[in-house]
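K.L.:
below is the structure, and that's it, no one-letter string:
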């Protein structure tokens, strides 16, 4: 299993958790973004910069993902594409997207987009909390522990 990160919108605290987990568990983590990402030196960490443009990072992630790879993203359409290819998805807040819940998430996203297009102020997500960080770390640990079992 590899971990691919939609790094353009990945919070720094989550990037730090992923870097520590990669080194501790000796698992490859690739941060894919439209911009350069500074990472600590490690053979387990890689940054890949894509060309500027809409969904370029998403397209690269979908091209690279393999069955059972883990993708870290809050991008719901990207998550749907990853699940379709047999990958797994974890959001930076620790929510796991699956084939059982992705259609509902897509419908809610589309609904909220329609609301915003009609002039409604729907606000954005709340700031990342310490609870969100812990939830993410716990879910990541659970997924990586499952990976290491025979």
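P.N.:
All right, it came through fine. From a predicted model like this one, the values you see are computed outputs, not experimental measurements.
K.L.:
any stretches of this protein with poor pLDDT?
P.N.:
Residues of the chain that meet the criterion pLDDT under 70 lie in 109-112, 115-116, 122-124, 147-150.
K.L.:
could you point out the longest helix in it?
P.N.:
In the chain, assigned by DSSP state H, the helix with the most residues is helix 130-148.
K.L.:
now do the buried residues in it.
P.N.:
132-133, 135-137, 139-140, 143-144 (16 or more other CB atoms under 10 Å). In this view, the C-beta of every residue, glycine as well, is placed from N, C-alpha and C.
K.L.:
for that helix, packing partners?
P.N.:
Secondary-structure packing of helix 130-148 (3 or more CB pairs under 8 Å, 6 or more residues apart in numbering; DSSP states H and E): helix 12-25, strand 88-90.
K.L.:
and whichever helix or strand comes after the first one, which strands flank it?
P.N.:
So the one you mean is helix 12-25. Later in the chain than helix 12-25, the nearest helix or strand by DSSP states H and E is strand 29-33. Paired neighbours of strand 29-33 in the sheet (DSSP bridges): strand 3-6 (parallel), strand 45-49 (parallel).
K.L.:
is residue 10 in contact with residue 61, as I believe?
P.N.:
No: the pair residue 10 / residue 61 is not scored as a contact, 11.9 Å apart, by CB atoms under 8 Å.
K.L.:
who has more neighbours out of these two?
P.N.:
Set side by side, residue 10 and residue 61 show more neighbours around residue 61, with 28 against 19, by other CB atoms under 10 Å.
K.L.:
in terms of helices and strands, where is the more buried one?
P.N.:
helix 56-64.
K.L.:
give me the helices and strands touching that helix, please.
P.N.:
strand 3-6, strand 29-33, helix 76-84.
K.L.:
hmm, who's touching the second one?
P.N.:
Put plainly, it is strand 29-33. With CB atoms under 8 Å, 6 or more residues apart in numbering as the contact definition, strand 29-33 has outside contacts at 2-8, 10, 15, 18-19, 21-22, 37, 39, 44-50, 57, 60-61, 64.
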